[in-house]
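> This is the structure alone, sequence omitted:
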């Protein structure tokens, strides 16, 4: 079971209570993986909080404490760029196990994936069929002729 720490819970004092609420909501004793949802902090109303005010490493260290207490088996991040991941890894006691990122044929993130491989950080991808946030001029993965040809070759749909 994986869950995420929301942006409004980045203050170190909020991390464990947020995780404990998730555990109670899911009626489980621990999570397999707990992810920092975004490398940004915000107030409850969504107003951004600067990373100078709540540095990512402060949030991460609070997540490391949760891991040490057995509230989650491992911890990771989501939507981190290579630079943000590098900065976090320099200061972390425990590197992220996972970085969950948008990943599909039109967004391959090769440099980020290579860095993760070097650091033994795994990746999970979301929106493998493309994002609904794509611009009007962005090709649609499901309509790509190469993907359609591959699907036909294997008797499958483009999905």
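Thanks, I have it. Note that this is a predicted model, so its numbers are computed, not measured.
> hey, let's count contacts and neighbours off CA atoms from now on
Noted.
> Report the buried residues of the top helix by length along the chain.
Counting residues, the longest helix found in the chain (DSSP state H) is helix 12-26. Neighbour counts over helix 12-26 (16 or more other C-alpha atoms under 10 Å) mark 12, 15-16, 18-20, 22-23 as buried.
> Throw those residues into a markdown table and include pLDDT and distance to residue 101, thanks.
As requested, the buried residues of helix 12-26 are exported to a markdown table (pLDDT from 0 to 100; distance: C-alpha to C-alpha, whole Å):
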| residue | pLDDT | distance to residue 101 |
| --- | --- | --- |
| 12 | 98 | 24 |
| 15 | 98 | 22 |
| 16 | 98 | 24 |
| 18 | 98 | 22 |
| 19 | 98 | 21 |
| 20 | 98 | 25 |
| 22 | 98 | 22 |
| 23 | 98 | 24 |
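> Check whether residue 94 really touches residue 66, as I assumed.
No: assessed by C-alpha atoms under 8 Å, residue 94 is found out of contact with residue 66, at 11.8 Å.
> Name the residue in the two with the higher neighbour count.
residue 66 (22 against 16; other C-alpha atoms under 10 Å).
> list the contacts for the more buried one?
16, 72 (C-alpha atoms under 8 Å, 6 or more residues apart in numbering).
> Confirm it sits in a helix?
Yes: per DSSP: H, G, I helix; E, B strand; the rest coil, residue 66 lies within a helix segment.
> Helices of this structure, residue ranges please.
Remark: helices assigned in the chain by DSSP H are 12-26, 56-68, 82-91, 110-119, 145-153.
> Can you name the residues bridging to the residue nearest in space to the middle of the chain?
Closest to where the C-alpha atoms of the chain average out (C-alpha atoms, centre = their mean) is residue 78, at 1.3 Å. Per DSSP bridges, the residues bridged to residue 78 are residue 100.
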